[in-house]
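In: Could you work out the structure for the sequence below:
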Amino acid sequence: MKRKWIETCQTLLITQMNHWIIITAVMTVLGLFKEERTHLLLWFVFGIVPIMLFFVRESIRNFFLFFAIHMVLPVAAVYLTGLLLSEDIVLRIILIALTVIYVIWSIVIRLKSKKNSENLIPPLVAICAMGILTLIENLQCKRGWEWYYLLMAILYLSGYFINFFMNNYLRFLSVNESSAAVMPEQEIFSSGMKQTVLFTIAGVLVLFLTANVKWVSYVLSWVGNVLLVVLRAFFSLFSKEESEEVPVFVMQEQVAPDMSGLAEGGKSGLLWLILEKIIMTLVAVGIVALIVFAVVMFFRFLWNHFHEARKGEEQKIQKGRDLHEVCGIEKNAKETSTVWLPFLNNRDKVRKIYRKQILKNKNSIVGNHNMEDLERMTAKECCDKMPIEKDFADILKKIYEKARYSPNDITSEDVKSMKTAGK
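Out: Numbers count the residues shown, from 1 in each chain. As a prediction, the model looks like this:
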């Protein structure tokens, strides 16, 4: 599949994923107005509107024609809703308002972005919004529409996995654009998409199955009865009367997902008490571990952030100088052994004076470019761009290169010459 087609499919998927989140909000509004139906099929059909607006942004370059088409859509929405939904005022108002919102957002995308695609609602924001809307449904609407909210959440998550793969695949292509090798792009995309789709389908099935807790409770009750029979048979082996016959337990047919068989005399069974203690302990340990992990990550983030901020531009420039200076440096053992304090070392004095001149004339050296360009510049390039006399620039360059690359000692006269040239 060509890259353009992949980008188009990704954009269409993003528009629908955002539309599914908006559908949930619309259903909540309908519930607040005591509507009897969700009109879910209508909202899925209405998802054609953002798709159509995307193709309008993509194909029409004339702004006046683009603007005219966008103005026609609200008028068409008013006419069609009045013709088909004249009795349902609430649904009609919501459809018109949603059309106006989509039209305005499409115009904003065209004016502000070079690309005609819209951004995906982040998963954290989407899930939090779903949770809040579900809470409103349970507290205020009370229509029993939680299954529709769950459906929208599952559709969003399944679309997110597919979009995540396509996004990383497109990033992989952009990184390897300059590569001279021939890449099997189609084979890579096909194999990766197959795995992603299979994983997504499996995840969707698991979510749908676990959402229906009735069959889960039935399975758990059946497993619990089997475990109870096994444990009773096991503990009967250690009874004092060895000759006593081990009773045979016949499992009764499970009619309903009722787990009361594990309790005796109106009290909780031993198995469930043990499981309860284990689960409570694991949950407590997990919560404590999550809290500790979050605190450690937070302080690590603060430490890294402020530690990097304290370095400043001078640290970056020094790092750039060291990149050029590691080659061919021979340390003078005599000099490093006799000088204890760095500020008494003539070689370090020369480096400090040179660094001071670089920082002082950095605007003249790099101009409007990024300061990181200094990392790729040699001493000759920096000195030639300094706004000082050429003789002084040559002195700075010569003494600095002697201090960095020559095994010869740096004398006090060199330091004085460096200071004079830097004034």
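In: which sections of the stretch 51-200 of the chain are below the confidence cut-off?
Out: Scanning the stretch 51-200 of the chain for pLDDT under 70 picks out 113-116, 141-142, 179-181.
In: rerun at 90
Out: 57-68, 70, 73-95, 105-155, 157-158, 161, 163, 166-200 (pLDDT under 90).
In: which of the residues in stretch 118-133 are buried?
Out: Within stretch 118-133, the residues that qualify as buried are 118, 120-121, 126, 129-130, 133, counting by 16 or more other C-beta atoms under 10 Å. (Glycine included, C-beta is placed from N, CA and C.)
In: For Glu401, see how far away Phe54 is.
Out: According to C-beta to C-beta, to the nearest Å, Phe54 and Glu401 sit 59 Å apart.
In: follow-up on the earlier one: nearest to Met418, of the buried residues of stretch 118-133?
Out: Relative to Met418, the closest of these is Leu120; by C-beta to C-beta it sits at 56.8 Å.
In: quick one: terminal-to-terminal distance for stretch 83-96?
Out: 13 Å (C-alpha to C-alpha, to the nearest Å).
In: list the buried ones in stretch 65-72?
Out: Taking 16+ other C-beta under 10 Å as the criterion, stretch 65-72 shows 66, 69-70 as buried.
In: Identify those among those residues that sit within helices.
Out: Members of those lying in helices (criterion: DSSP state H): 66, 69-70.
In: Columns distance to Val100 on top of those, output as JSON lines?
Out: Formatted as JSON lines, these follow (distance: C-beta to C-beta, whole Å):
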{"residue": "Phe66", "distance to Val100": "17"}
{"residue": "Ile69", "distance to Val100": "14"}
{"residue": "His70", "distance to Val100": "10"}
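In: average pLDDT across the helix or strand encompassing Leu275?
Out: Leu275 is part of helix 270-325 when elements are defined by DSSP states H and E. Averaged across helix 270-325, pLDDT comes to 67.
In: who's in contact with stretch 87-95?
Out: Under the criterion C-beta atoms under 8 Å, 6 or more residues apart in numbering, residues 26, 29-30, 33, 35, 39, 46, 77, 81-82, 85-86 lie in contact with stretch 87-95.
In: Can I get it in PDB, CA atoms only?
Out: Extracted C-alpha coordinates of stretch 87-95, given in PDB (Å, rounded to 0.1, in the frame of the first residue of the first chain):
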ATOM      1  CA  GLU A  87     -41.400  16.100  15.800                       C
ATOM      2  CA  ASP A  88     -38.200  15.400  17.700                       C
ATOM      3  CA  ILE A  89     -37.000  18.900  18.600                       C
ATOM      4  CA  VAL A  90     -34.100  17.800  20.900                       C
ATOM      5  CA  LEU A  91     -32.600  15.400  18.300                       C
ATOM      6  CA  ARG A  92     -33.000  18.000  15.600                       C
ATOM      7  CA  ILE A  93     -31.200  20.700  17.600                       C
ATOM      8  CA  ILE A  94     -28.300  18.300  18.500                       C
ATOM      9  CA  LEU A  95     -27.800  17.300  14.800                       C
END
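In: So which bits of it are buried?
Out: 91-92, 94-95.
In: Turn the residues you listed into TSV, including secondary structure.
Out: Shown next, in TSV, are the buried residues of stretch 87-95 (DSSP: H, G, I helix; E, B strand; the rest coil):
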residue	secondary structure
Leu91	helix
Arg92	helix
Ile94	helix
Leu95	helix
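In: The stretch 151-300 of the chain: strands as residue ranges?
Out: With DSSP state E, counting those that start in this stretch as the criterion, the stretch 151-300 of the chain has no strands.
In: give me every residue that touches Cys128.
Out: Cys128 neighbours (C-beta under 8 Å, 6+ apart): none.
In: any idea how far it lies from Leu135?
Out: If you measure Cys128 against Leu135 using C-beta to C-beta, the figure is 11 Å.
In: do Val29 as well
Out: Distance from Val29 to Leu135, counting by C-beta to C-beta: 15 Å.
In: Please identify which of the two sits among more neighbours.
Out: Neighbour totals were compared for Val29 and Leu135, and Val29 leads with 16 against 11 (other C-beta atoms under 10 Å).
In: pLDDT wise, what is the more buried one at?
Out: Per-residue pLDDT puts Val29 at 85.
In: ok, and the closest non-adjacent residue to it?
Out: Once flanking residues are discounted, Val29 sits nearest to Ile94: 6.4 Å by C-beta to C-beta, 6 or more residues apart in numbering.
In: how close does that neighbour get to Arg61?
Out: With the distance defined as C-beta to C-beta, Ile94 ends up 33 Å from Arg61.
In: How about Leu12?
Out: Distance of Leu12 to Arg61, given as C-beta to C-beta: 20 Å.
In: Tell me which of the two has more neighbours.
Out: Ranked by neighbour count (other C-beta under 10 Å), Leu12 and Arg61 place Leu12 first, with 16 against 8.
In: Check which residues of the host helix or strand of that one are buried.
Out: Assigned by DSSP H and E, Leu12 belongs to helix 3-32. Buried residues in helix 3-32, counted by 16+ other C-beta under 10 Å: 6, 8, 10-31.
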